[in-house]
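> predicted model follows, preceded by the sequence.
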Amino acid sequence: MAVLIVFGLLLSLAMVCNGGITSTFVRKTESTVDMPYESDAFQIPPGHNAPQQVHITQGDQEGTAMIVSWITPDEPGSSVVLFWSDKHKTKKAEGKAKQYKYHDYTSGYIHHCTIRKLEHNTKYYYKIGIGQAERTFWFVTPPAVGPDAPYTFGLLGDLGQTFDSNKTLAHYESNPLKGQTVLCLGDLSYADNHPNHDQVKWDTFGRFIERSAAYQPWIHTAGNHEIDYAPEIGETKPFKPYKHRYTTPFKASGSTAPFWYSVKIASAHIIVLSSYSSYGKYTPQYKWLEQELPKVNRDETPWLIVLVHSPWYNSYNYHYMEGETMRVQFESWFVQHKVDVVFAGHVHAYERSERVSNIANNLENGKCSPVKDQSAPVYITIGDGGNIEGLATNMRDPQPDYSAYREASFGHAIFDIKNRTHAYYSWHRNDDGAAVKADSMWFFNRYHHPVDDSTSSQS
Ligand SMILES: [Fe+2]
């Protein structure tokens, strides 16, 4: 009887299946709608032709350059950025402005300006715009690349621009763990969910994220909602709006396209891949990754992190196995090079995997199930930013062994690197206070401290 009572109590906390934990947290179900065009979250800055949609991203491999991007709505204005710090006098950099047309929409003037030769670990101020419409922002450069440089990454995926998206961003901003750079896992504006891929939604999204993206770099991953391929309205160039608006420092890592590239930040080497660019053998992305992985120096950057939009291990009945062809193509490399963690979006829920691999199959030996593998990454799906498509609630049953924790709630995560051996990871659901960790794990570095860090084997 006592055993039955204890079992009942356990069930009330979480449903234990074949695999890990399926959280039974019940969130309020409400319809997810975009914030209206005139919402405060999309406020247009005052002044004629004032720069808007300001956002920054790292501008080189080492973190001594920043790309500043913004849009002037009415006329080209100036592409100049003035920047200074408490110990550096004002310098000037000049960028370029471009427009694009999409169906019956013409964009504002989209400026990108790279400011270089920045000092590490320094707060810089920057000013854009002319006269009455000048705007000043600031950011802090990351510490010099090195094996024990601590750093805190925020993780956001599939954000969109609904009232829930606003909650997710506010929740991230108020998290006491203080993310220093956002690793954004793709699917930004969801403009393509609206008639003719309503490009104004790209503008409102740019104004929405400015409050974060103008002050800390966002590292971008391309998602399917960035493709904007719409032959029915004459738009046949994939990624046109995204490519114009969100630039990346791809050339610095020897990439030939903005959708796959790498950056080093503090003690992390971050590889960004594109689920929606070809990756078969001999393709540019394949060749680039083949050359990139051996270049990673774990004595310089112990933490090897990969970002991709479509997850490889996903136990929801949404986008199930969509990441399979890329997994088959690249998973053995990830195990060989001991990738610490792979972050993905796409599925509008949260899931964390065990360290597993599924690379033994040769079509003849029947070895086609994932197995625990201490050289494999942890796969985390964090497509729970709160976009207009709503939550993915339908899960595969029973929970497979590869799945350590899963829950259909909106939220964000933090990956907090302490040193070369330890990083603290936590996931924060919107329904709780920002400091509450709904799921967490101490990561042990796969190169410097390859000890079993599974939460299920520790409990
Ligand atoms: Fe997606």
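Sure, I can see it. What you see is a predicted model; the values in this text were computed from it and never measured.
> please name the residues that touch the residue of the stretch 301-450 of the chain found nearest the ion.
Residue nearest to the ion within the stretch 301-450 of the chain: His346 (3.9 Å; Cβ to the ion). In short, each C-beta sits where N, CA and C put it, glycine included. Contacts were defined as Cβ atoms under 8 Å, 6 or more residues apart in numbering; by that measure His346 touches 157-158, 185-187, 223-224, 275, 309-311, 314, 319, 322-323, 381, 383.
> please apply the same query to Met395.
Thr22, Ser315, Tyr316, Asn317, Arg406, Ala408.
> using TSV, lay out those residues together with pLDDT.
As requested, those are exported to TSV (pLDDT from 0 to 100):
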residue	pLDDT
Thr22	94
Ser315	98
Tyr316	97
Asn317	97
Arg406	98
Ala408	95
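> which pair of the residues you listed spans the longest distance?
Spatially, the most separated pair among the contacts of Met395 is Thr22 and Asn317, at 13.1 Å (Cβ to Cβ).
> restricted to strands, list the contacts of His346.
Of the contacts of His346, the ones assigned to strands by DSSP state E are Thr381.
> could you pick out which of the contacts of His346 are near the ion?
Residues of those in contact with the ion (Cβ under 5 Å from the ion): Asp187, Gly223, Asn224.
> name the element the closest residue to the ion within the stretch 1-150 of the chain belongs to?
For the stretch 1-150 of the chain, the residue closest to the ion is Thr32, as judged by Cβ to the ion, at 15.0 Å. Thr32 is part of no helix or strand, with elements assigned from DSSP states H and E.
> quick check: it touching Thr162?
Yes: in terms of Cβ atoms under 8 Å, Thr32 counts as a neighbour of Thr162; the distance is 4.8 Å.
> hang on, the earlier thing: for the residue of the stretch 301-450 of the chain closest to the ion, give me the backbone phi and psi.
Per-residue torsions, His346: phi 70, psi -50 (degrees, to the nearest 10).
> and it, how close does it get to His428?
Distance, His346 to His428, by Cβ to Cβ, to the nearest Å: 20 Å.
> please say which of Thr22 and Asn317 ends up with more neighbours.
Thr22 (22 against 13; other Cβ atoms under 10 Å).
> quick check: what element follows the helix or strand harbouring that one along the chain?
In the assignment (DSSP H and E), Thr22 maps to strand 21-23. Sequence order places strand 52-58 as the next helix or strand after strand 21-23, per DSSP H and E.
> at which residues are the helices of this protein located?
2-13, 163-173, 200-213, 240-245, 284-295, 324-336, 455-458 (DSSP state H).
> out of those helices, which comes closest to His412?
Here helix 163-173 is closest among those (Cβ to Cβ), at 4.4 Å.
> how about JSON lines for the ones next to the ion among the contacts of His346, with neighbour count added?
Converted to JSON lines, the ones next to the ion among the contacts of His346 look like this (neighbours: other Cβ atoms under 10 Å):
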{"residue": "Asp187", "neighbour count": "25"}
{"residue": "Gly223", "neighbour count": "26"}
{"residue": "Asn224", "neighbour count": "19"}
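> format these as CSV; extra columns: pLDDT and distance to Gly129.
As requested, those are exported to CSV (pLDDT from 0 to 100; distance: Cβ to Cβ, whole Å):
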residue, pLDDT, distance to Gly129
Asp187, 98, 30
Gly223, 98, 30
Asn224, 98, 34
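> for this protein, what lies in contact range of the ion?
Asp187, Gly223, Asn224, His346.
> the third one and Ala230: what is the separation?
It stands for Asn224. 13 Å.
> the last one too?
As defined by Cβ to Cβ, His346 lies at a distance of 20 Å from Ala230.
> Tyr124 now?
Taking Cβ to Cβ, one finds Tyr124 at 39 Å from Ala230.
> so which of those two has more stuff around it?
Per other Cβ under 10 Å, whichever of Tyr124 and Ala230 has more neighbours is Tyr124, with 19 against 16.
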